[in-house]
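> Here is a sequence together with a model predicted from it:
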Amino acid sequence: MGGLKPSGDMRYFQIRIQHEQAMHLPGNILTKFFSKVEMVTGTGVVDSIPTCILRVEHDGVDIMNIKDQIKGSLIIDKILQVGDDYAYLKAKTPGPIQLIIGAEDEAWIMPPSYLSRESGFFMTIHGTPSGLKRIKDKLEALIPEKMDMRISKLIVGDWMSAPQLTNKRHLAIKTAVEMGYYSAPRRCNQSDIAEVLGVKQGTVAEHLQFAESIIINSWAEQTSRS
């Protein structure tokens, strides 16, 4: 989850589960405290438990006071940024669905992935056809009710053939995209990204400049051959 997997035949599927289908799952308790829990970016897997940066929305919850109540579905390692009704968290996600994916070498969770009171549970999973098939079979056994879950056709987008970045640079540019740094108009600056990642603004600037150079030059090389 912390970086791109080797290129090849990649696919994805997305899961949508209504609240009534997943009442027995530990993650359902999160909707008691948060109106929305959204994955910003993945940061790796520790002991088969996926780790990530999350944005949570709430109605004035004291996050420190609920850490023990939600640790079965969300283990908060660090509170990165706090607002009146939101927070960015670095966390582990030990729920049964996440553990199934974390134990699979050929698949990983990607945005958009979120849990909300209004829309239920939604997750995007990328991987090889065989890895996704194994996950799909296990998820159907875990949640036997009808789910909206279909494996896509092959992914052949240019991002699969772009040069791979180091984990830190991949994380920096992925976080920048998710936070809106490349939106028009921009929704954040480099200092905001640095605060979420827990690094200096100059480090973010260096990572983004390097990643942008690699990606743009790769794109130019590919398009010149097409």
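Good, I have the coordinates.
> where in this protein is pLDDT low?
1-9, 19-26, 143-165, 214-226 (pLDDT under 70).
> from what I can see residue 100 touches residue 140, true?
No: Residue 100 lies out of contact with residue 140 (CB atoms under 8 Å); the separation is 10.9 Å. In short, each C-beta sits where N, CA and C put it, glycine included.
> between these two, who's got more neighbours?
Taking neighbours as other CB atoms under 10 Å, residue 100 and residue 140 compare with residue 100 leading, 20 against 13.
> Adjacent strands (with direction) for the lengthiest strand in the chain?
Ranked by residue count, the top strand of the chain under DSSP state E comes out as strand 34-46. In the sheet, strand 34-46 lines up against strand 49-58 (antiparallel), strand 107-116 (antiparallel) (DSSP bridges).
> ok, residue 71 - contacts?
Listed by CB atoms under 8 Å, 6 or more residues apart in numbering, the contact set of residue 71 reads residue 94.
> what about it, distance to residue 59?
Distance of residue 71 to residue 59, given as CB to CB, to the nearest Å: 21 Å.
> Neighbours of the nearest residue to residue 126 once chain neighbours are set aside, how many?
Distance criterion CB to CB, 6 or more residues apart in numbering; nearest residue to residue 126, sequence neighbours excluded, is residue 12 at 4.5 Å. Per other CB under 10 Å, the neighbour tally for residue 12 reads 17.
> quick revisit: of all the strands paired with strand 34-46, which lies closest to residue 199?
Minimum separation from residue 199 across the strands paired with strand 34-46 (CB to CB) falls at strand 49-58, 12.6 Å.
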